[in-house]
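Engineer: fold the following for me, if possible:
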Amino acid sequence: MLDWDKYIAVAERFQHKAKRQDREDLRQDIVVKLADLARNNGHKPFTEGAMVRVASYTVMSYWRDQMRKPSILSLNSEFDGGDGLELMETIADDHAIDLDAWCDARTWLLGCPRRLVDIAYKKVNGQPLNVKDQKYLWRFRQREQAQLV
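Structural biologist: Below is the predicted model of the structure:
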């Protein structure tokens, strides 16, 4: 005789190992697998250890099937962060201003030597640098590269 209460109790101990949306399906799969094996077992006793082993195998089979599924994502699907964002809203805009980089550049310019800022304006405007400016820029670059290494 099949003992459905035991099968359900064992299945409930293992259902948390599946994705949230698949937990009830996994529980049903475990119960059905246990019932089939108990029915085909003949008159041999079906111990709780054997039930746990079957449930564990069913969970492993579930994850193997999940990993073999091709994963096709839609940009309209909800982001996994849980705050209701869609994947489309997480794509970076190429034309947006990077405010953090802009603030960092402005902060860097505030601490930068005035002569170097003047040289940068000359380069942006296409004005030629004199020998002293070229040498100052070269020394500054060498000093900064040494700090990076």
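
Engineer: longest helix in this structure, please.
Structural biologist: helix 48-68 (DSSP state H).

Engineer: just the mean pLDDT for that one, thanks.
Structural biologist: Taken as a whole, helix 48-68 carries a mean pLDDT of 93.

Engineer: how far away from the center of its chain is that helix?
Structural biologist: A distance of 25 Å separates the centroid of the chain from that of helix 48-68, by CA atoms, centre = their mean, to the nearest Å.

Engineer: check stretch 89-109 too.
Structural biologist: On CA atoms, centre = their mean, the centre of stretch 89-109 falls 23 Å from that of its chain.

Engineer: please apply the same query to stretch 129-146.
Structural biologist: 43 Å.

Engineer: can you give me the domain boundaries for this structure?
Structural biologist: 4-68, 99-148 (automatic domain parsing).

Engineer: take these and lay them out in a markdown table including mean neighbour count.
Structural biologist: (Glycine included, C-beta is placed from N, CA and C.) Listed next are the domains of the chain as a markdown table, based on neighbours: other CB atoms under 10 Å:
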| stretch | mean neighbour count |
| --- | --- |
| domain 4-68 | 14 |
| domain 99-148 | 11 |
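
Engineer: Glu86 is nearest to which of those?
Structural biologist: The closest of the domains of the chain to Glu86 is domain 4-68. By CB to CB, the value is 17.3 Å.

Engineer: just the endpoints, please. Distance across that closest one?
Structural biologist: 31 Å (CA to CA, to the nearest Å).

Engineer: what about Leu2, distance to Arg141?
Structural biologist: Going from Leu2 to Arg141 by CB to CB, to the nearest Å gives 80 Å.

Engineer: what sits up against the longest helix of the chain?
Structural biologist: 6-7, 10-11, 13-14, 17-19, 22, 26, 29-30, 33-34, 37 (CB atoms under 8 Å, 6 or more residues apart in numbering).

Engineer: from the residues you listed, which land in helices?
Structural biologist: Using DSSP H, the contacts of helix 48-68 in helices are 6-7, 10-11, 13-14, 26, 29-30, 33-34, 37.
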